[in-house]
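**Student:** quick one: sequence plus predicted model below, questions after.
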Amino acid sequence: MAARSPAAAGTGEDATAPSLDELMPWSVPPMRTGRAWVTGPDSGALRARWERLAAAAPAEQERLFGPTRSRTPWTAVAALPGRAGGTGAFARAPGACPDPVRILHGPFDEQWLLPDHRLIDAARPELWRVADGRQLLIVEHGRAPQDSGPALSVTALLADGHSPAGRPGRIRPLYRRPGGVEPNLAPGLLGLLRDRLGGAAGEDPFAPESVLAWVLAAARPAAGGCRVPLPADGAVWAAGVELGRELLRLHLRGARGGERPRLPGGRRPYVRAALPDRPAALEYHAEEEALVIGGGRISPVPAAAWEFTVGGVRMLELWFGRRAAAAAGLGADGAAADGAAAGGRGWLRDWTSELLDLITVLALLDATAPRRAALRSRLERTPAITRDELRAAGVLPAPVAARRPASVLGHQEEGPDGQFALL
């Protein structure tokens, strides 16, 4: 098979490479909460918001709630799959505050969500049905001009699909059913890869997670979504999967019993001076490799972590800004919080630990740049498994059914006002 032309090889615009949408055909749109106060970095603040809303008089409750066309205090809805939240109108019977759940709020920002369907305009129930201890979600980021950051994130948490660039992408579960059953891959893709690359080394190089690892290592941004070049060389595939597994470990940040990422000794960031209770500004002192937060100080912080962007936005600045606002009881834009938002509780100790972890992950991700460049260079010189070959083998296009959620209902789900949902 002929190699790709030098002008197109290895680029996101290579029309011979399949798209991520073709390889992982089932995707879910980003979550749409409809009201900002149901998510945030402080789970305690979410509980306080619930209690304030539940105890309010009717007129005040409606104002705090923030009605939309999809949700008002009088909307009855089905329960979120796997959750025991209320289904009757919030105004009649709010019930007890549900335990906030951890979510990925855009790339590299783990926050909390109140998991009550009455409060969320579009919660994407199909995603909740397949979320379990085996599931992994790949999230496409919106792109910005001249953006050099990663195009994808992977998480073991629920993801809301938020994008710093303001143009959210899609959320693609690795599995279509709970328990790691039925990979969300074009039917026949795994068999074709085994047949063409059967000599690839490594542990289970054609398992669904190996394909996910390859996507994380090799995907390239392009107009309309990512392209995923597929090599016709088992050694190149094995190298990409190995790199992708390292990237996956960093993205998961110790989830699923994995080892938490660490920088080498002497390069690990530490708190040199305690962070203030209500920090207002974040500065980076390059000469000292230090983050300065009011009177607080963290170092060493590699310049690569400070400069790490997604969608043209610095991740450390975005992450800090959201928590500084929450500590002061402000909205994410720094304005006075509205809706059911309660006053801030100051800077939380857990946030300092999370900040140290985030610095570590961003620095280690940047350190993989030479390996990513080497893989890109090898792909440019390697014959490819093209879209035409995938079509000839019957792998593409994926059947329409592969783009729809699987029927995963193994139990009855509670519908609006306590009726059983019909799915």
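**Tutor:** Sure, I can see it.

**Student:** OK, contacts around the nearest residue to Phe108 once chain neighbours are set aside?
**Tutor:** Using Cβ to Cβ, 6 or more residues apart in numbering and skipping the chain neighbours, the partner closest in space to Phe108 is Met315 (5.2 Å). In this view, the C-beta of every residue, glycine as well, is placed from N, C-alpha and C. When contacts are counted by Cβ atoms under 8 Å, 6 or more residues apart in numbering, Met315 touches Pro107, Phe108, Asp109, Pro164, Phe308, Thr309, Leu358, Leu362.

**Student:** do Arg176 as well
**Tutor:** By Cβ under 8 Å, 6+ apart, the residues touching Arg176 are Trp26, Val130, Glu182, Pro183, Asn184, Pro405, Ala406, Val408.

**Student:** three-state assignment of it?
**Tutor:** At Arg176 the chain is in strand, as set by DSSP: H, G, I helix; E, B strand; the rest coil.

**Student:** okay, now the unreliable bits of the stretch 301-423 of the chain?
**Tutor:** Low-confidence segments of the stretch 301-423 of the chain (pLDDT under 70): 331-343, 408-423.

**Student:** any chance you could map the strands in it?
**Tutor:** Secondary structure of the stretch 301-423 of the chain by DSSP state E, counting those that start in this stretch: the strands cover 309-310, 313-314.

**Student:** ok, the stretch 51-200 of the chain next?
**Tutor:** Going by DSSP E, counting those that start in this stretch, the stretch 51-200 of the chain shows strands at 101-104, 110-113, 137-140, 152-155, 158-159, 171-173, 175-177, 181-183.

**Student:** and the contacts of Met315, which are buried?
**Tutor:** Buried members of those, counted by 16 or more other Cβ atoms under 10 Å: Pro107, Phe108, Asp109, Pro164, Phe308, Thr309, Leu358, Leu362.

**Student:** and the closest residue to Thr75 other than its chain neighbours, how close does it get to Trp112?
**Tutor:** In space, and not counting its chain neighbours, Thr75 is closest to Arg118: 6.1 Å by Cβ to Cβ, 6+ apart. Look at Arg118 and Trp112: by Cβ to Cβ, to the nearest Å, they are 17 Å apart.

**Student:** more neighbours: which of these two?
**Tutor:** The residue with more neighbours, out of Arg118 and Trp112, is Arg118; 26 against 21, by other Cβ atoms under 10 Å.

**Student:** hmm, Arg92 and the more buried one touching each other?
**Tutor:** No. Between Arg118 and Arg92 there is no contact under Cβ atoms under 8 Å: 10.7 Å.

**Student:** need the overlap of contacts for these two.
**Tutor:** Counting by Cβ under 8 Å, 6+ apart, nothing touches both Arg118 and Arg92.

**Student:** so which of the contacts of Met315 belong to helices?
**Tutor:** Counting by DSSP state H, these place Leu358, Leu362 in helices.

**Student:** with respect to Pro41, which of the contacts of Met315 is nearest?
**Tutor:** Asp109 (8.0 Å; Cβ to Cβ).

**Student:** next up, the contacts around the closest one.
**Tutor:** Pro41, Met315, Leu318, Trp319, Arg322.

**Student:** try Asp388
**Tutor:** Asp388 is in contact with Thr16, counting by Cβ under 8 Å, 6+ apart.

**Student:** mind checking how far it is from Pro30?
**Tutor:** Taking Cβ to Cβ as the criterion, Asp388 is separated from Pro30 by 32 Å.

**Student:** cool, Ala274 as well?
**Tutor:** Taken as Cβ to Cβ, the span from Ala274 to Pro30 is 37 Å.

**Student:** ok, those two, which is more surrounded?
**Tutor:** The neighbour count for Ala274 versus Pro30, taken as other Cβ under 10 Å, is higher for Pro30 (19 against 14).

**Student:** what residues of stretch 112-122 count as buried?
**Tutor:** Buried residues in stretch 112-122, counting neighbours by 16+ other Cβ under 10 Å, are found at Trp112, Leu113, Leu114, Pro115, Asp116, His117, Arg118, Leu119, Ile120, Asp121.

**Student:** can you redo these as JSON lines with distance to Val101 and pLDDT?
**Tutor:** Below are the buried residues of stretch 112-122 laid out as JSON lines (distance: Cβ to Cβ, whole Å; pLDDT from 0 to 100):
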{"residue": "Trp112", "distance to Val101": "7", "pLDDT": "97"}
{"residue": "Leu113", "distance to Val101": "5", "pLDDT": "97"}
{"residue": "Leu114", "distance to Val101": "8", "pLDDT": "97"}
{"residue": "Pro115", "distance to Val101": "5", "pLDDT": "97"}
{"residue": "Asp116", "distance to Val101": "11", "pLDDT": "96"}
{"residue": "His117", "distance to Val101": "13", "pLDDT": "96"}
{"residue": "Arg118", "distance to Val101": "15", "pLDDT": "97"}
{"residue": "Leu119", "distance to Val101": "13", "pLDDT": "97"}
{"residue": "Ile120", "distance to Val101": "12", "pLDDT": "97"}
{"residue": "Asp121", "distance to Val101": "17", "pLDDT": "97"}
